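1. model this:
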Amino acid sequence: MKKGRVTITDIARELNIAPSTVSRALNNHPAIKKETKEAVKELAQQLDYQPNFLALSLLRKKSNTIGVVVPEITSHFFSAIITGIQDVIANSEYNIMICLTNESFEEEVVVIKKLLKMQVDGVLVSPASGTKEFDHFRALQKNGIPVVVFDRDCPGLEADKVLVDDYAGAFQAVEYLIKSGCKKIAHLGGPPNLSTTKHRLQGFLDALKSGNMSICEEHIAYVQGFSHEDGLEPAMTLLSSSNPPDAIFAMNDNIAISAMHVARKLGYNIPEDISIVGFDDEPHSSFFRPSLSTVWQPVYSLGMLSARIVLQRLKEDDVQRPFREEVFKPELVIRGSSR
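-> The predicted model follows:
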């Protein structure tokens, strides 16, 4: 027997039968004798034979693989979503392939083209912050590959979508800050192109209007990314100005924690001098002192539902079924960083 990967041909040669007979025996074909099936399976086990799923996918025109495209996996947010996806997919016939775009539209296009060439059966995608057009997603759909968009919306793209009501979460957070006595509320927003950024900004603005609060343009700043480092300079600009805010509603928890760091550096007491509220409810947020008030969103459920929807699409013959748009409601979590 040759060294290396054992093939059906190797088993057939050892047993002096045709490779097609080995293949049918391994798949319990009724035309193959019981004795032959047992001999084939016993030898396959002895030789540690592993099916070539790539060859099978080419033969069946089905890869049994679902692509999961995300901007990054270092944060709890996306890792929790992927866990939710995996926990659902694990109970199916499919595997998942995780692909990173590093928040780059160009990398996202390359990733989608690769998944298309690999004949994946479905794609779950959270678009990169630089994504403004969606022809690469439509290319998947034109090839019969269902696409489920999660977390970040793709306005104008007809597809199944699983989102969070970012507007409601932002409105709730800012409304709370107003009721707690804050008079000058600032917003540290995300990359302007993102749907989540736009919806949270609109929730912020509408909450101010609802509370008869004036909108100060200099109290609205944007970050270029979502890490702690990305929030430092914008927070410093806000808090060191001649008209500093007495509250900050941040795009996510990392940016909120950056604002807390800058506030302490400038001598602010939290929450006596300034209240700070984040978004996401990352696990580490409750361990800071003071602990971070934030907006919780059900990220694990977001992943689970996205996976269930793509599996349902793959089971259905009627591809004309209307697309689903499911929206989860977030919840405000009040801790020590706000009044």
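
2. ok, K142 - how many residues close by?
-> K142 sits with 10 neighbouring residues when counted by other C-beta atoms under 10 Å. To be clear about C-beta, it is placed using only N, CA and C from the backbone, and glycine gets the same treatment.

3. I'd guessed S285 sits against V277; true?
-> No: under the criterion of C-beta atoms under 8 Å, S285 is not in contact with V277, lying 10.5 Å apart.

4. Show me what stretch 109-116 is in contact with.
-> With contacts defined as C-beta atoms under 8 Å, 6 or more residues apart in numbering, stretch 109-116 is touched by 67, 69, 97, 99-101, 123, 125, 136-137, 139-140, 143, 145.

5. Can you add secondary structure, distance to A12 and neighbour count and give those residues back as JSON lines?
-> Shown next, in JSON lines, are the contacts of stretch 109-116 (DSSP: H, G, I helix; E, B strand; the rest coil; distance: C-beta to C-beta, whole Å; neighbours: other C-beta atoms under 10 Å):
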{"residue": "G67", "secondary structure": "strand", "distance to A12": "34", "neighbour count": "25"}
{"residue": "V69", "secondary structure": "strand", "distance to A12": "40", "neighbour count": "24"}
{"residue": "M97", "secondary structure": "strand", "distance to A12": "31", "neighbour count": "16"}
{"residue": "C99", "secondary structure": "strand", "distance to A12": "37", "neighbour count": "19"}
{"residue": "L100", "secondary structure": "strand", "distance to A12": "41", "neighbour count": "18"}
{"residue": "T101", "secondary structure": "coil", "distance to A12": "44", "neighbour count": "24"}
{"residue": "V123", "secondary structure": "strand", "distance to A12": "37", "neighbour count": "26"}
{"residue": "V125", "secondary structure": "strand", "distance to A12": "42", "neighbour count": "30"}
{"residue": "H136", "secondary structure": "helix", "distance to A12": "43", "neighbour count": "19"}
{"residue": "F137", "secondary structure": "helix", "distance to A12": "44", "neighbour count": "24"}
{"residue": "A139", "secondary structure": "helix", "distance to A12": "40", "neighbour count": "15"}
{"residue": "L140", "secondary structure": "helix", "distance to A12": "38", "neighbour count": "21"}
{"residue": "N143", "secondary structure": "coil", "distance to A12": "35", "neighbour count": "10"}
{"residue": "I145", "secondary structure": "coil", "distance to A12": "35", "neighbour count": "22"}
